[in-house]
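A.B. asks: coords please:
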Amino acid sequence: MRIPEICDSKRIARLRQATAAADYPLRGGANVQAGAGSYKKKTGHRDRVTVRPATAADVHYIRSLSRKVFQQYGAYENMLGRWFESGITVTLLALMGKRPVGFAMLGRLERESYLPRVSELLAIAVEPIKWKLGIGDLLMRNVERKAKDLKVETLVLHTAVENLPSQKLFKKHGFTPSKIKKNFYPEGQDALMMCKEIP
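C.D. replies: Coordinates of the predicted model:
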């Protein structure tokens, strides 16, 4: 099945340029079905990881983790923080017990219903000390569930060309490479755009 050309439309560009959206209610993740999973530590102990909608109280954590994992690409802690606070995203938080360990941010594109329903996975981040424990997989499953709830037809995302671990995660979840975008990130790195049609 062919990925619609809308993947590269002005809609995504407008979302990326948004710094505030006063006409959107602040709904950062309303009606998200919580998901859960677990992983096994080397000690053999199992810790439960849950996913819930992020709330206004989580913005400091979102900014902090963004600074930690996206710093090489630009000041994403400011951009993602503004997007979250503006209500133009659905943001999911992964927790280990009560402690946050990651988040995923899905862009809302609900207002343009006359076009194919495309939404962008704007960011997914996991605490570096918690990598390779299945938290990214759990967040990806919950993002897709939320996209289905919103009746999204296609998900798109961008990842750095050299970020092979993230590309592996996205391919595992059914995303296919679409095109390379030169100088996509604020610091000048190229990005690989990937798309997935939602059944």
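A.B. asks: tell me how far the closest residue to residue 127 other than its chain neighbours lies from residue 51.
C.D. replies: Beyond its immediate neighbours in the sequence, the residue positioned closest to residue 127 (C-beta to C-beta, 6 or more residues apart in numbering) is residue 101, lying 4.9 Å away. C-beta: built from backbone N, CA, C; applies to glycine. Using C-beta to C-beta, to the nearest Å, one obtains 10 Å as the distance from residue 101 to residue 51.
A.B. asks: re earlier: name the element the residue nearest to residue 127 belongs to?
C.D. replies: Assessed by DSSP states H and E, residue 101 sits inside strand 99-107.
A.B. asks: now for whichever helix or strand comes after that strand, which elements pack on it?
C.D. replies: Sequence-wise, the next helix or strand downstream of strand 99-107 (DSSP H and E) is strand 118-126. Where contact means 3 or more C-beta pairs under 8 Å, 6 or more residues apart in numbering; DSSP states H and E, strand 118-126 is packed against helix 10-17, helix 59-70, helix 76-86, strand 99-107, helix 135-149, strand 154-160.
A.B. asks: list the buried residues of stretch 70-85.
C.D. replies: Of all the residues in stretch 70-85, those buried under the rule 16 or more other C-beta atoms under 10 Å are 70, 73, 76-77, 79-85.
A.B. asks: what's the farthest-apart pair in those residues?
C.D. replies: For the buried residues of stretch 70-85, the maximum inter-member distance is 20.4 Å, found between 73 and 85 (C-beta to C-beta).
A.B. asks: surely residue 188 is in a helix?
C.D. replies: No. Under DSSP: H, G, I helix; E, B strand; the rest coil, residue 188 sits outside any helix and is assigned coil.
A.B. asks: count the neighbours of it for me.
C.D. replies: A total of 10 residues lie near residue 188 under the criterion other C-beta atoms under 10 Å.
A.B. asks: same thing with the one 10 residues further on?
C.D. replies: Each residue near residue 198 was counted by other C-beta under 10 Å, and the total is 16.
A.B. asks: now swap in residue 153 and tell me
C.D. replies: The burial count assigned to residue 153 is 16, neighbours taken as other C-beta under 10 Å.
A.B. asks: also residue 195?
C.D. replies: Counted with other C-beta under 10 Å, the burial measure for residue 195 works out to 22 neighbours.
A.B. asks: so where is this structure shaky, pLDDT-wise?
C.D. replies: Low-confidence segments of the chain, defined by pLDDT under 70, span residues 1-46, 109-116.
A.B. asks: please repeat the previous calculation with a cut-off of 50.
C.D. replies: Within the chain, the stretches falling below the threshold (pLDDT under 50) are 1-15, 18-45.
A.B. asks: need the overlap of contacts for residue 101 and residue 51.
C.D. replies: Shared contacts of residue 101 and residue 51, defined by C-beta atoms under 8 Å, 6 or more residues apart in numbering, comprise 94-95.
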